[in-house]
Structure formats: structure tokens, C-alpha cells
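>>> Sequence unavailable; structure follows:
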């Protein structure tokens, strides 16, 4: 180097090229983000609230879950909505039961349901997102295209050609899993002996592991592990083998779809649309 500083000389046109490349990369990244977000449509299956001769309704599910919780925990307050997922917490005065609130709509109790579509992938080899099952939907709905992200209405129309009102799902087991915020107690569901929904060609249009969440157990309760184990056993004994039935809205399945994070979601059927 002979003690002299090495100076890198860059021509003005090269600087402009570099600047243009940076701007182009940023735009492509932003566009990709928008494209990914447009595919983040979630879906739910809603079940009959009232029980029938050969199936159990969500109101009775809620009641059984509450009664079982109260058999194992000294509940000082119960404010859970009649058909919502339970939230079990430990507060200053003791254990309380509330309803689990929807993340995008604070204060609103989330109904017991089965998740049909997730807005984000849960498993590396899973097929629970719209992006993963879109081609399988087009096998049933030829008007649906997966070249670009379909709209919520198009997704709803596609699923109405597959899922029928009155379909029954069997509760095969009651289990719990550990999550960051605590435990989740849920009822596993089977449709035609499978834990996913398939189209007529035998290809999946839902994620695996269909289930109804019964109780969300807050982190404040996780130290009472023995009681939680006993609660799961109690619910398993009461619910295993029972059926739940997709509710009927004007002759169509009660399905709900919405863009991830949006508080403005709708229950959509081909002939009926109502804000929920």
C-alpha cells in the first residue's frame, strides 16, 4: 500500500444503477408482501347450537365444559357466553371462567368452531392455508383461479360446492396441548374416519387435525397440572363418540371466511351474507 490510501472511484452512471437496483428490490419486496397477505384468508366451520337426537350442539358443549371445569376448580366468577370457548384464569380472588375473546375483536367471545383454513402455515408439510389447497378447490370449482389470490367471496363459493349442511363430525378424543400462553383443551374431530376434509378426487381442502377448542387455560393456571389432567379425562369420558353437526343457513353450510387480522369478517354463503 506504500502508506497511501486506496480510493475506490465509482462513475456517476454506476451510482445510478445501484440506486435503481435498490429501489427495484424494495418494490419487489413490498409487492411480494402484499401478494402473500392477499392469500391470508382464514375459514371456520360453525356447528348447530342446539343439540339433536344424534348430535350435540355448541350450547351443550359449552355447558359440559363449564360443569367439568367447576368440578375440578373452585370458580368464583363465570361470565362466559353460552356458546363460546371457555377461558380459565386465576385472578386475585380465585379462579374465573370467561369467554375466549377474538383477537381482532376484543370483547367478543369466540364461538366454538372448527378451523377450516389457517391464515398462516402451522406445519412444514401441512396443507392448512388457502395457498396450499387452492388447486384442490379448483378441481371442484372450475371458475376459481389460483393464478392470483381469490377474493373472500370466491373462496366461500368454492367451499359451498364441497361442504354440505348437516355433515356430522365424530368427537374421537379430548386432548390438550401446551402453548406459549398456557394450555388448550380441544375435541378431535373425524369426518368419514379422517381428521381432514377431502374433495371428490381425494385431495385435501382443509388442514389435518380438525378440532373444536373447548377451553383455553391461561398461563396463571398451568401449575395446577394435575387438575388439568383430571379435567381432560372428565371431558373425554363425557364427549368421546358424540357427533357435532354443521349448521344449516338457508340450505347451505354455515361457513365463515375473512382476511387475517380484519375485524370486518362475514359469514358467507352463496345466498346469504351477514356480518359477524
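Right, received. Where do you want to start? Not measured: the values here are computed from a predicted model.

>>> For residue 77, see how far away the residue most central in space within the chain is.
Most central in the chain under C-alpha atoms, centre = their mean is residue 115, positioned 4.0 Å from the mean C-alpha point. Separation of residue 115 from residue 77 (C-beta to C-beta, to the nearest Å) stands at 29 Å. Placement of C-beta: from N, CA and C, glycine included.

>>> what does residue 84 give?
In terms of C-beta to C-beta, residue 84 sits 15 Å off from residue 77.

>>> Okay, and the beta partners of residue 41?
residue 259 (DSSP bridges).

>>> What is the neighbour count of it?
By other C-beta atoms under 10 Å, the residues close to residue 41 number 24.

>>> for it, what are its contacts?
117, 119, 130, 149-150, 152, 155, 257-260 (C-beta atoms under 8 Å, 6 or more residues apart in numbering).

>>> for stretch 70-81, which positions count as buried?
The neighbour-count check on stretch 70-81 (16 or more other C-beta atoms under 10 Å) flags 72-73, 80-81 as buried.

>>> Kindly check the end-to-end length of that stretch for me.
Terminal residues of stretch 70-81 lie 16 Å apart, using C-alpha to C-alpha, to the nearest Å.

>>> For stretch 49-65, what is the distance to the chain centroid?
21 Å (C-alpha atoms, centre = their mean, to the nearest Å).

>>> So which residues make contact with it?
Contacts of stretch 49-65 (C-beta under 8 Å, 6+ apart): 47-48, 80-84, 86, 111-112, 168, 187, 212, 214-215, 235, 238-239, 242-245, 247.

>>> Which of those residues fall in strands?
Among the contacts of stretch 49-65, the ones falling in strands (DSSP state E) are 86, 168, 187, 212, 214-215, 243-245.

>>> So for stretch 151-162, what gets flagged as buried?
Buried residues in stretch 151-162, counted by 16+ other C-beta under 10 Å: 152, 154-162.
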